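*Asks:* just coords:
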DNA sequence: GGGCGGTTATA
DNA sequence: GTATAACCGCCCG
């Protein structure tokens, strides 16, 4: 017997059902122009999933049309209680329709009926034509359509549960053909189908299971009381009374299967997607991942629509070079990029340089490609010597992407890069710090719709990655020239956007741009550490860690990996049966520090683990690692400061991170003692006192807070006096500690819950503290309210200097997200203003040190602290000048106070 | 080797 | 309750 080849099933998608579900399920995402995108993303990702899951199947998508349907004619109250569609959802419908069309999916939007009716009709017609149908919907009413040839699937649910005839019976307790009767009896609040009052799910089921169908229920009303459900005795009367309503409800609940359609199931076919149209939409809506997926490397949206005009030249002769130098000299502005052998600016060797003078016109000058068969190249030293005047000229304006890197690399070739006019990374960062990552690949995709050649494309990745000097010059030239070209184009795209916001232009020009060179210098200065001290500490730590491990094994009665939270949890909570205090997001019992702290009160093992953890952290992250990070040439460690990473405007530091060197414990401070001054020099550590609270005083203009600071009070003590109603010199240590937690809480946008946890008091008493605080400092309360409102209204918050942070989630309907955004709204202006202030101080200090030729260098920044290494003889002069400039970096309505310490090491300087 | 969860160091 | 970076273990391809 030959089995007939089965045709792939027809997929009918209930677009309208998914539209609403996606809208409510997705966070309130939006593109930077404000266009909401959550529902679009939700619906389209579902379509993509269907296409992937059913690659052979024709897929049709059906939406409700605007306006009334025949059901409104039958019953004017139908769906009358539906609130009007929210604007944010309405604005997403047109893009969804357009994208679905561009994806090549046939779409049905039929007036006068609902999507359900169109689906019912198409499914019936398909069945008649011998084709099986799968209806993708989240709407349970569709269960009435299920038969041997029609199944439902809910694509939005993770389990993707299919529902066939058996499935309907299992779920509802009745077969598909009784679903309409079920709905008719029960009614539907949402659609305003009346049903029979007093009949709910249970009663409707009992009736239908007992008597078969709505009609037979009415024929056999006298049997109803024998069914024995609750209220069965009075039910016949109710049913009789509302008979016409029940029949009307059945009519309303019945999905039509005979709608007149111009297209039938046979017209639903897979069509080739319209790539250009899709790209346009994805770009406009900022769907980065999907845009990237559509493009192949080196391709631009423009390429899909029309060929792009680029001329990239590989400069291999002196004549070519001369010509390019001449053109660069004449250019108002040019883009510039170096290609090197390493991301580490202290080790990188220049392999080539690239330039762009106008969009599409770029050159790559290979200088040190080194592989078998590499063509002869111009001499690196000679070329750099020829370029030096150009690169060192402040009048020759340059743009680049992360020019700090190029500046640091060039410095090692004795070229001091000047004339930095723009940096696309920082333009993008200042424009919107969180819209995207600010690497060139991301920026090209976001702002130009262009998928650049990625470094991995030409150099490979992982262990097999080659260095740039190994890359064939032909490929290298495409990549490098494109980098310069794209940098120029990005600038052309970003500068006008920035110009729309004068305060952002100021932040860019007066803070971020001048900071580039300051940071480059600090990084190259590096910090001197004494590896001997750290190595000695490592040995001691290893010994103590070993002892703790042995003791832990004894207590546990077996050996296990103390570094594994999983194995530790097994021992603590299963074997030793300690109480589970908190769970991790994944449901595993937490062994985090506060949990172990609490358990340590009653049990010995957690205490050991705590010490083990803290010592292991110190050893692995600091005492072992820092000596490894010493640059062999300079004998110092050179961090990287990232200028375009944080949401708020702070710097971050990595490789190594010098902004989280321990300070709280004695063992931790030993690590700071290994950060030393060179012989004949001292370290100066200068930090702003309470800068964020001072900024809050300034921004809120709260009288009490302003007074506390202008009178030079210990602010935590002053807060304690106010909140606990005691004279300031009678504040206990405990009261001060609580007040300090409250002050920090304020900066973090605190809730009573969070404060309670921090203080170890009840939520109620925490709330009382907060209420008391706001009573005493009403200006702060007003400020907090104002900032929440203004953030919600504008969609962003600002620092004192006008740096912006966009907070799209502040309008989220998800309360968790909304509250989180509100906390950020409160914190960001303070944290960000502090960052703006210290950045300006750094610029000013750098100018002063450079001009005065003092033997002093900035070597580190830790958010509110600057560390300088200074010749001993000049220490006093530098401390005075440093404090002066840090204090003068901002003019607030409270004084800025800077505390400075001097020492032979960082710990001593505190 | 890459990605992620859990944890912990700092302001 | 804010903002980061880096370690280890563990699971996956």
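*Replies:* Alright, I've got the coordinates. Given the structure is predicted, the values throughout are model-derived calculations rather than measurements. Numbering: from 1, shown residues only, chains lettered A, B, ... in the order given.

*Asks:* And the lowest mean pLDDT element among the helices and strands of chain A?
*Replies:* Using mean pLDDT, DSSP states H and E, helix A:301-305 stands out as the lowest-scoring helix or strand of chain A, at a mean of 58.

*Asks:* got the buried residues for the following helix or strand past it?
*Replies:* As assigned by DSSP states H and E, the chain's next helix or strand after helix A:301-305 is strand A:311-314. Of the residues in strand A:311-314, A:312-314 count as buried by neighbour count, 16 or more other C-beta atoms under 10 Å. Where you see a C-beta, it was placed from the backbone N, CA and C, and this is true even at glycine.

*Asks:* Does anything pack onto strand A:311-314? Which helices or strands?
*Replies:* In terms of contacts (3 or more C-beta pairs under 8 Å, 6 or more residues apart in numbering; DSSP states H and E), strand A:311-314 is packed against strand A:361-366, helix A:473-499.

*Asks:* which residues does residue A:206 contact?
*Replies:* The contact partners of residue A:206, taken as C-beta atoms under 8 Å, 6 or more residues apart in numbering, are A:227, A:229, A:232.

*Asks:* what about the residue of chain A found nearest DNA strand C, neighbour count?
*Replies:* Nearest residue of chain A to DNA strand C: residue A:750, at 2.4 Å (C-beta to the nearest atom of the strand). Applying other C-beta atoms under 10 Å, we find 23 residues neighbouring residue A:750.

*Asks:* what's the answer for the one 3 residues further on, then?
*Replies:* Applying other C-beta under 10 Å, we find 11 residues neighbouring residue A:753.

*Asks:* Next to DNA strand C in this structure, residues from the stretch 801-910 of chain A, please.
*Replies:* Within the stretch 801-910 of chain A, the positions near DNA strand C by C-beta under 7 Å from any atom of the strand are A:820, A:823-824, A:827-828, A:831.

*Asks:* Return the closest of those residues with respect to DNA strand B.
*Replies:* Looking across those and measuring by C-beta to the nearest atom of the strand, the closest to DNA strand B is residue A:831, at 7.4 Å.

*Asks:* Run the chain-centre distance for whichever strand or helix holds that closest one.
*Replies:* Assigned by DSSP H and E, residue A:831 belongs to helix A:815-852. Its chain's C-alpha centre and that of helix A:815-852 lie 19 Å apart, by C-alpha atoms, centre = their mean, to the nearest Å.

*Asks:* Starting from that helix, tell me the next helix or strand along the chain.
*Replies:* Later in the chain than helix A:815-852, the nearest helix or strand by DSSP H and E is strand A:856-861.

*Asks:* does that following strand come close to DNA strand B?
*Replies:* No - Strand A:856-861 is not in contact with DNA strand B by C-beta under 7 Å from any atom of the strand; minimum separation 9.6 Å.

*Asks:* Export the contacts of residue A:206 to a markdown table and append columns for distance to DNA strand C.
*Replies:* Below are the contacts of residue A:206 laid out as a markdown table (distance: C-beta to the nearest atom of the strand, whole Å):
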| residue | distance to DNA strand C |
| --- | --- |
| A:227 | 51 |
| A:229 | 47 |
| A:232 | 51 |
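
*Asks:* Next step: those restricted to helices.
*Replies:* Judged by DSSP state H, helices contain none of the contacts of residue A:206.

*Asks:* hmm, stretch A:452-463 touching DNA strand B?
*Replies:* Yes - using C-beta under 7 Å from any atom of the strand, stretch A:452-463 reaches DNA strand B at A:461-463.

*Asks:* Which one (most neighbours) among those?
*Replies:* If you rank those by neighbour count (other C-beta under 10 Å), residue A:461 sits at the top with 10 neighbours.

*Asks:* could you point out the longest strand in chain A?
*Replies:* Using DSSP state E, we find that the single longest strand of chain A is strand A:59-69.

*Asks:* List the contacts of that one.
*Replies:* So strand A:59-69 is in contact with A:10-16, A:19, A:47, A:50-51, A:78, A:93, A:97, A:100, A:105-115, A:117-119, A:122, A:265, A:268, A:270, going by C-beta under 8 Å, 6+ apart.

*Asks:* make it 7 Å
*Replies:* A:11-16, A:50-51, A:100, A:105-115, A:118-119, A:122, A:268 (C-beta atoms under 7 Å, 6 or more residues apart in numbering).

*Asks:* quick revisit: the helix holding residue A:831 vs strand A:856-861, what angle?
*Replies:* 170 degrees (axes from the mean of the first three to the mean of the last three C-alpha atoms, to 10 degrees).

*Asks:* In helix A:815-852, which residues are buried?
*Replies:* So helix A:815-852, judged by 16+ other C-beta under 10 Å, has buried residues A:817-818, A:820-822, A:824-846, A:848-849.

*Asks:* Okay, domains of chain A per the record?
*Replies:* Domain segmentation of chain A under automatic domain parsing yields A:10-170+A:256-267, A:304-500, A:530-629, A:693-826.

*Asks:* In terms of mean pLDDT, which of the ones you listed ranks lowest?
*Replies:* The weakest mean pLDDT among the domains of chain A belongs to domain A:10-170+A:256-267, with a mean of 83.

*Asks:* Next, the distance between the ends of that one.
*Replies:* 11 Å (C-alpha to C-alpha, to the nearest Å).

*Asks:* can you list the residues of chain A near DNA strand B?
*Replies:* So chain A meets DNA strand B at A:461-463, A:565, A:569, A:584-586, A:588, A:590-593, A:596, A:610, A:613-614, A:617-618, A:621, A:659-665, A:668, A:862-865 (C-beta under 7 Å from any atom of the strand).

*Asks:* one more time with 6 Å, if that's ok
*Replies:* Proximity of chain A to DNA strand B (C-beta under 6 Å from any atom of the strand) is limited to residues A:461-463, A:565, A:584-586, A:588, A:590-593, A:613-614, A:617, A:659-664, A:668, A:862-864.

*Asks:* could you flag which of those are buried?
*Replies:* For the residues of chain A next to DNA strand B, buried by 16+ other C-beta under 10 Å: A:565, A:590-591, A:613-614, A:659, A:661-662, A:668, A:862-864.

*Asks:* and which of those is nearest residue A:212?
*Replies:* residue A:590 (55.3 Å; C-beta to C-beta).
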